[in-house]
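Undergrad: Provide a 3D model corresponding to the input given below.
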Amino acid sequence: MADRKRRQVGVSDAHCDICGAGGLVIVESSSARRGRALVDPRWRPHRRTYELCPACGMRYPVENGVRI
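TA: Numbers count the residues shown, from 1 in each chain. Down below sits the predicted model:
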């Protein structure tokens, strides 16, 4: 499995559907460049964006700023 870099983007106004906690953290995760990717000019990181609940750890995928 490839290593991933995670970056906190901000805080969402939405509430968690599981525990009801507010202030979900918006996180962007991308694959780290390693191995052959270091010399491959066509390499692109595979990015995932999701909202993460700080209380229970539930993740909600996000595309274009909207929860899927």
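
Undergrad: what sits up against the worst-scoring helix or strand of the chain on mean pLDDT?
TA: Lowest by mean pLDDT, DSSP states H and E among the helices and strands of the chain is strand 66-67, with a mean of 88. Where contact means Cβ atoms under 8 Å, 6 or more residues apart in numbering, the residues beyond strand 66-67 that reach it are Ala14, Glu51, Tyr60, Pro61. (Each C-beta comes from the backbone N, C-alpha and C, glycine too.)

Undergrad: first-to-last residue distance for stretch 9-29?
TA: End-to-end span of stretch 9-29 (Cα to Cα, to the nearest Å): 10 Å.

Undergrad: and stretch 12-31, by the same measure?
TA: With Cα to Cα, one end of stretch 12-31 sits 23 Å from the other.

Undergrad: could you do stretch 21-37 as well?
TA: So stretch 21-37: terminal residues 39 Å apart, Cα to Cα.

Undergrad: over to stretch 5-24?
TA: Start-to-end span of stretch 5-24 (Cα to Cα) is 19 Å.

Undergrad: so how far is it off the chain centroid?
TA: Distance of stretch 5-24 from its chain centroid, counting by Cα atoms, centre = their mean, to the nearest Å, is 11 Å.

Undergrad: buried ones in that stretch?
TA: Ser12, Cys16, Leu24 (16 or more other Cβ atoms under 10 Å).

Undergrad: which residues does the last one contact?
TA: Contacts were defined as Cβ under 8 Å, 6+ apart; by that measure Leu24 touches Val11, Ser12, Ala14, His15, Cys16, Glu51, Leu52, Cys53, Pro54, Tyr60.

Undergrad: lovely, talk soon.
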